[in-house]
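J.: What would the 3D arrangement of this be:
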Amino acid sequence: MKLVKTFFILFLVCFVGISEANTSKHALIIAVGNYPLEGGWNKISSMNDVALIEQALFAQGFEGKNMILLTDADATYSGIENAFKALESKVKIGDIVVIHFSGHGQQIEDNNNDEIDGYDESIIPYDARLNYQKGVYEGEHHFRDDELGRNLSQIRKKVGPQGNVLVILDSCHSGTGTRGDRVSRGTGEKFQSKDYHPISSSRGSESGGFCESKETDDAAPLVVISGASAEQLNYEYTDENGVKYGSLSFALSKALTEVNHEMTYRGLFDAVQKEMGHIAPYQMPQIEGQVDQKLFGGEVVTQVPYFKANTRLDDKTIKLKSGLLAGLYDKTVVGFYPVGTLNPEGVDPLYTGTIVNSKMLESTILVDKPITKKLALESWIFVEQLAMGNMEKTVSIAKLRGQGEVYNALKMKVDANPNINLKDADADFYIDCTDNKFQVFTSMDHVLKEIKYAGKIPATFADSAIAVIKTAVRGDVVRRLEMTDENLDLTMEIIPVTVDLVNGEYIETSRLPVQTMSRGGLLTFNDQQVFKIKLTNRGANKAYFQILDIKSNNEVDILLPTTYQTPAELNIEPGTSKELPQLFVFEQPFGNEMLKLVATKEPVQLNSIVTSRGRDGRSNLNPLEQLLQDSYAQTRTGILNVPPESANIQTVVFNVQPKQQHEFTE
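T.: Coordinates of the predicted model:
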């Protein structure tokens, strides 16, 4: 992207609930990961998703008695059918229903000529097989979109238009073969007989998705969220402890911690996209249905920004039922405050402690001095200093062992970088060679750079390859950067425009509706599309702002301020809006891109750190400036720390594609 010429806040754990006496919340959670060997499906980590989804729904007021859990061998075709019948029998008018599936997906030959591409989408029960075998298995246990739609229609009519139905599909229908080792869900191999020839249907659904049950006046509105577009892989996410989860299950569970009574499904999906932009930046989650209705019909449980201790193990060791999902990485510093403390800023904590041994749903606090059981369990616990997670990454050069000098040079460079470690398999990055072309790519098979080796000194080549990885690590750090300060509530709006070149200057000629530039719910722009930016300050304070641009290859640029602006110039008064005069253009590299609007109480100079590539030379840096500088140095222990009140950050995720590659839809 270029200029055209001329308190991370942790919301999980403690909640204040509201619900109508006549409204019940129901869930059907289906997870299949340990598929039988004879079915031909590889094993995936779906069972790990269950605890995430359960906790997220419990926090939203769902009760165990109204949850149907169907896993592995119980999640056969008939088991799923029976579970839908059981769910239908329990729900009533006005109820809220969530259906979650984690497992494989596959396209299967259309059996009723209702698909525009000749293939049904299907989720894969435990007893479905990968391949068509005439007379043995002909797809009778594939759970087609038609069957899902039929069951959904019955449930939607049962809960009526006052009800609410959300379907989450953490599966996909694309291929599984990649050079990286990241596990994906689904297959590119279509289930069909040898003599099947797909016939396009004029009656078919153009979405190619599951949201095909029709909208009627007597049925609940339906929203379907899936983990990737039809042509993409849906990758699993590996946490700091090496545990794998479905990327959508993780992102959705985290997004549900940010909800409020006014949030719509579109707002929930925006939060999902933001999180997917961190953990699976190369895939595009999708949303279908009535996305502008209120989430759960407005029957949501809002959160409070503090934690409560679960157990006191001894006078200095406290357990929390929150962890990585809540952003509590190891070395996060927390403070214990009296009950009723609404804002800890400027107030000294009674005790401080440090997070250790953080897992996905739990963590341990080591307190700085002995604390009584009563005080430990009653205090409100706030984050004092965030740890942004581990900067350490792994790279595999195993496929280059036959390239003696190059392999040795790379190994030497990796050994010299404390935050990059060698790992033969299941690594974050890979380096491979084909026809004297070396490629650095991610575990998701996304090529970061192709380097022609011909004639290069091995050490020089190794420097280039490691520099690509360090750039990607830095981009990963900035992608994860999220803070919230309600006094700095600054938001950003993208305005697509058309321009003409007049006397050497680009002049705006018209504006385009941004809401039409959507593909499956993700803003999608053509290469060379011009746009402007509008800012609105809903906070109580004057806000200084800068805009970071994280490209699909993880390169970080400063969009604003420009070379000719100082950070102090970019500010906006509370209660006002401002349309920036600059024109910008979307451009290569193609893929998912991210803008971060950084608002601070005082001017900060992030631009000088980026332009100097971390050699700014200033002392007494603002914590946000220090974090960005550390991301360039990458010489620390891998933990980046920053106080949560350092800034307010809004993230906008979008996709940039070549012209004419997609059509915009309402």
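
J.: Next, work out how far apart Tyr430 and Leu422 are.
T.: 11 Å (CB to CB, to the nearest Å). Bear in mind the C-beta positions are built from the backbone N, C-alpha and C, glycine included.

J.: chain center to stretch 364-379: distance?
T.: Computed by CA atoms, centre = their mean, to the nearest Å, the chain-centroid distance of stretch 364-379 equals 33 Å.

J.: Number the chain from 37, please
T.: Okay, residue one is now 37; in that scheme the one you just asked about reads as stretch 400-415.

J.: buried set for that stretch?
T.: 400-401, 403, 407, 412, 415 (16 or more other CB atoms under 10 Å).

J.: got a list of what the residue nearest the centre of the chain touches?
T.: Computing the C-alpha centroid of the chain and ranking residues by CA atoms, centre = their mean puts Met312 first, at 1.5 Å. Residues in contact with Met312, defined by CB atoms under 8 Å, 6 or more residues apart in numbering, are 283-284, 287, 319, 321, 689.

J.: Restricted to helices, list the buried residues of stretch 400-415.
T.: Among the buried residues of stretch 400-415, DSSP state H puts Ala412 in helices.

J.: Tell me which of the buried residues of stretch 400-415 fall in strands.
T.: Among the buried residues of stretch 400-415, the members falling in strands (DSSP state E) are 400-401, 403.

J.: thought Asn562 was touching Asn691?
T.: No: counting by CB atoms under 8 Å, Asn691 is not a contact partner of Asn562; they are 10.3 Å apart.

J.: neighbour count winner among the two?
T.: Ranked by neighbour count (other CB atoms under 10 Å), Asn562 and Asn691 place Asn691 first, with 22 against 16.

J.: and that one, that's in a strand?
T.: Yes: counting by DSSP: H, G, I helix; E, B strand; the rest coil, Asn691 is part of a strand.

J.: Next up, the contacts around it.
T.: 320, 555, 558-561, 627-629.

J.: Can you tell me how far it is from Val566?
T.: For Asn691, the distance to Val566 - CB to CB - is 17 Å.

J.: repeat for Ile315
T.: Taken as CB to CB, the span from Ile315 to Val566 is 31 Å.

J.: can you point me to the longest strand in the chain?
T.: The chain, longest strand under DSSP E: strand 526-538.

J.: strands paired with that strand, and their directions?
T.: According to DSSP bridges, strand 526-538 has the following sheet partners: strand 541-547 (antiparallel), strand 566-573 (antiparallel).

J.: got the CA positions of the shortest one in CSV?
T.: Going back to what we said before, that points to strand 541-547. What follows is strand 541-547 as a C-alpha-only set of coordinates in CSV (Å, rounded to 0.1, in the frame of the first residue of the first chain):
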residue,chain,number,x,y,z
GLU,A,541,-2.7,15.7,-9.5
TYR,A,542,-5.2,13.0,-8.6
ILE,A,543,-8.7,14.4,-8.0
GLU,A,544,-11.5,12.5,-6.4
THR,A,545,-14.5,12.1,-8.8
SER,A,546,-16.9,9.8,-6.9
ARG,A,547,-17.3,7.5,-3.9
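
J.: downstream neighbour of it in the secondary structure list?
T.: Per DSSP states H and E, strand 541-547 leads on to strand 554-555 as the next helix or strand towards the C-terminus.

J.: Check the longest one too.
T.: Toward the C-terminus, strand 566-573 is succeeded by strand 579-586 as the next helix or strand (DSSP H and E).

J.: just checking, what packs against that next one?
T.: helix 494-516, strand 526-538, strand 566-573, strand 592-596, strand 607-608, strand 627-636, helix 642-647 (3 or more CB pairs under 8 Å, 6 or more residues apart in numbering; DSSP states H and E).

J.: redo that, cut-off 10 Å
T.: helix 494-516, strand 526-538, strand 566-573, strand 592-596, strand 607-608, strand 627-636, helix 642-647, strand 684-693 (3 or more CB pairs under 10 Å, 6 or more residues apart in numbering; DSSP states H and E).

J.: average pLDDT across it?
T.: When pLDDT is averaged over strand 579-586, the result is 95.

J.: So between Tyr466 and Leu458, which is more surrounded?
T.: Between Tyr466 and Leu458, counted using other CB under 10 Å, the more crowded position is Tyr466 (25 against 14).

J.: so what's the more buried one closest to, chain neighbours aside?
T.: Distances taken as CB to CB, 6 or more residues apart in numbering place Ser432 nearest to Tyr466, at 4.9 Å, with adjacent residues excluded.

J.: so that neighbour sits right up against Asp464, yeah?
T.: Yes: under the contact definition of CB atoms under 10 Å, Ser432 touches Asp464, with a separation of 8.8 Å.

J.: how about the closest residue to Gly359 other than its chain neighbours, what does it touch?
T.: Using CB to CB, 6+ apart and skipping the chain neighbours, the partner closest in space to Gly359 is Ser399 (4.2 Å). Applying CB atoms under 10 Å, 6 or more residues apart in numbering to Ser399 gives the contacts 343, 346, 354-360, 362, 364-366, 368, 370, 391-393.
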